[in-house]
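> okay, sequence plus prediction incoming.
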Amino acid sequence: MGVGVLSALLCSLLMVSLKPSTVGLLQWLSVGLRPSSYAVLDPARPAVGAIAHANDGTYADAKIAIARAQAALGEWRARPAGSRADALYKWHELIKQSTEELAQILTLESGKALSEARKEVSYGNSFVRWFAEEARRVNGEILQAPSSDRRLLVLKQPIGVVAAITPWNFPNAMILRKVAPALAAGCTILVKPAESTPLSALALELLAIEAGIPPGVFSVISCSRANSPEVGAAMCDDPRVRLVSFTGSTAVGRKLLVQCAPTIKKVALELGGNAPFVVFEDADLDVAARALAASKIRNAGQACVATNRVLVHASVKNELLRRLLPLLEAEKLGHGLEEGTTMGPLINGAGAEKFYAHLEDALANGATLRAGGPGDPRLQILLEAGSDMEGAPFCAPTVIDGVTPKMALWREETFGPLIAIATFSTEAEALAMANDSYCGLAGYFCTSDMRRVWRFAEALEVGMVGVNEGIISTEVAPFGGVKESGLGREGHRMGIEEYLEPKYVCLGDIGA
């Protein structure tokens, strides 16, 4: 099928405009309908059918990719750091030049608004540049020897072949946050993207090859949900893979730890969050409302660092709501490629079912609906019978208060645009409520008291803290959690350390 024909077909089916270069890229990435492929759907218009077909990888395919990564490892790790950095810089530039195409593909397969997709591509690409710079800064150490005829050294060497398993909610950035430091360190890496969003990964692989990164150094194994367990098992049980890096749910993270145990391989995990957002009585409520909306509404609430429980001092709850609700009412729901859309659908029907299950459970247990919910007028217009988005998993920004710890949403991530408000009276009470979780990824609070800033930030049982700020992720800071939110850090100079092993060298008999 020619590019022009494919462009007309996609645009007529999706009722959106795509750049011809995006259509060409989609055509290149799609393997076509065949027994060994599966359909990739647009979450906003699932009834339209496949926007592309991806290869449905198997256990055997994963083993072949691991063998290729092992074969490519020797040459790549032997390259001078500056040479690896140059390849990453070129990859960074190609990604930057392809931002619009990558963003449109990202929106088509994940559903997020194009404006957010552009920001994600830029955010993900910041890790490529950052770790291109960090490649030259991997240094060892000279130690003080216990005697004059010895010299003690510590070398830092690439850990080897890496396997990464990445999620659907940030299908570009979560890959680059793992691949860039792996390549900078001298490792080779294979990536299994989420079954819903393989196209972003495949596009990045294509650009890496164009940048001169050798085949086998970075490869992608796409697969369906049905084949996902066997592909993951192939990565975990193979002794040639020395590190498995995973971003996703805590439940799956536990399984991967067990699967990696027989080969004693390193495991880096960025798992679920249950982020508290605390608003103290002395907070600037305009700042608090904006920060809360940003934290919760980005990507329709589908982020591991998204606020899950809002804890507000009882004396300012009503004033906070007065400032918050207009921000949520201004959100425009729709297809992510449509002009003006700020919020797309959830990734699939299961996500919407969980959203409404949490909402119904909270209301049944005494919470009060303040805004949104299934009766939101925006949903009625969007999903009316006969609409091309009929049946799509859209959820409106929703606010409830009167939340208590006995509700399901207190213990589980909603992963949707549900703002659930509980109240407190003292700082000690707020801290106890905030830390009442087995997770500890991110936490947020708003206050104007600098003494409280230090006191509360240090006491929160999380790996990352936002103070008067709802968007905290950046390549220059370490990303990761405590408790059951994972192991290790991404970004920052710590990010490359995950892919390095120290080696101690003792030089003896060198004379006085």
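Okay, I see it.
> please identify the helix or strand for residue 310.
strand 307-313 (DSSP states H and E).
> which helices and strands sit right next to that strand?
strand 275-279, helix 285-297, helix 408-411, strand 418-424, helix 427-434 (3 or more CB pairs under 8 Å, 6 or more residues apart in numbering; DSSP states H and E). In short, each C-beta sits where N, CA and C put it, glycine included.
> let's have those in CSV, adding distance to residue 245.
What follows is the helices and strands packed on strand 307-313, written out as CSV (distance: least, CB to CB, whole Å):
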stretch, distance to residue 245
strand 275-279, 22
helix 285-297, 25
helix 408-411, 26
strand 418-424, 30
helix 427-434, 28
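> now do the contacts for residue 193.
166, 168, 171, 175, 200-201, 220, 222 (CB atoms under 8 Å, 6 or more residues apart in numbering).
> swap the cut-off to 6 Å and go again
166, 201 (CB atoms under 6 Å, 6 or more residues apart in numbering).
> ok, residue 355 next?
By CB under 6 Å, 6+ apart, the neighbours of residue 355 are 395, 416.
> buried residues in the strand or helix carrying it, which are they?
Following DSSP H and E, the helix or strand that holds residue 355 is helix 349-364. The neighbour-count check on helix 349-364 (16 or more other CB atoms under 10 Å) flags 351-352, 354-355, 358-359, 362 as buried.
> so what strands line up beside the helix or strand following that helix?
Going down the chain from helix 349-364, the next helix or strand is strand 368-371, by DSSP H and E. Partners of strand 368-371 in the sheet, by DSSP bridges, are strand 398-401 (antiparallel).
> can you tell me what sits against the strand it pairs with?
Residues from elsewhere that reach strand 398-401 (CB under 6 Å, 6+ apart): 362, 367-373, 418-421.
> may I see the PyMOL selection of the buried members of those residues?
With 16+ other CB under 10 Å as the criterion, this PyMOL line picks the buried residues out of the contacts of strand 398-401:
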select buried, resi 362+367+369+370+371+372+373+418+419+420+421
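> returning to what we had before: reformat the buried residues of helix 349-364 as JSON lines; add distance to residue 495 and pLDDT.
JSON lines is the format used below for these (distance: CB to CB, whole Å; pLDDT from 0 to 100):
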{"residue": "351", "distance to residue 495": "29", "pLDDT": "97"}
{"residue": "352", "distance to residue 495": "34", "pLDDT": "97"}
{"residue": "354", "distance to residue 495": "31", "pLDDT": "98"}
{"residue": "355", "distance to residue 495": "32", "pLDDT": "98"}
{"residue": "358", "distance to residue 495": "33", "pLDDT": "98"}
{"residue": "359", "distance to residue 495": "37", "pLDDT": "98"}
{"residue": "362", "distance to residue 495": "37", "pLDDT": "98"}
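> closest to residue 387 out of those residues?
Checking the buried residues of helix 349-364 against residue 387 with CB to CB, the nearest one is residue 352 at 15.9 Å.
> who are the neighbours in contact with that closest one?
Residue 352 touches 346, 393, 395, counting by CB under 6 Å, 6+ apart.
> with adjacent residues omitted, what lies nearest to it?
What sits nearest to residue 352 in space, not counting adjacent residues and going by CB to CB, 6 or more residues apart in numbering, is residue 393, at 3.7 Å.
> residue contacts, the one you found?
Contacts of residue 393 (CB under 6 Å, 6+ apart): 345-346, 348-349, 351-352.
> how about the residues you listed, which pair is most distant?
Greatest spatial distance in these: 345 and 349, 9.7 Å, computed using CB to CB.
> and stretch 284-291, which residues are buried?
Neighbour-count burial for stretch 284-291, with 16+ other CB under 10 Å as criterion, is recorded at 285, 287-291.
> same check on stretch 416-430?
Within stretch 416-430, the residues that count as buried by 16+ other CB under 10 Å are 416-424, 427, 430.
> distance check, the closest residue to residue 484 other than its chain neighbours against residue 205.
Spatial nearest neighbour of residue 484, excluding adjacent residues (CB to CB, 6+ apart): residue 438 at 4.8 Å. Using CB to CB, to the nearest Å, we find residue 438 at a distance of 36 Å from residue 205.
> do residue 173 as well
Residue 173 is 15 Å from residue 205, by CB to CB.
> hmm, who's touching the host helix or strand of residue 62?
If you go by DSSP H and E, residue 62 is part of helix 59-78. Applying CB under 6 Å, 6+ apart, the external contacts of helix 59-78 come out as 158, 161, 186, 188, 190, 214, 216-217, 219, 221, 230-231, 234, 238, 240.
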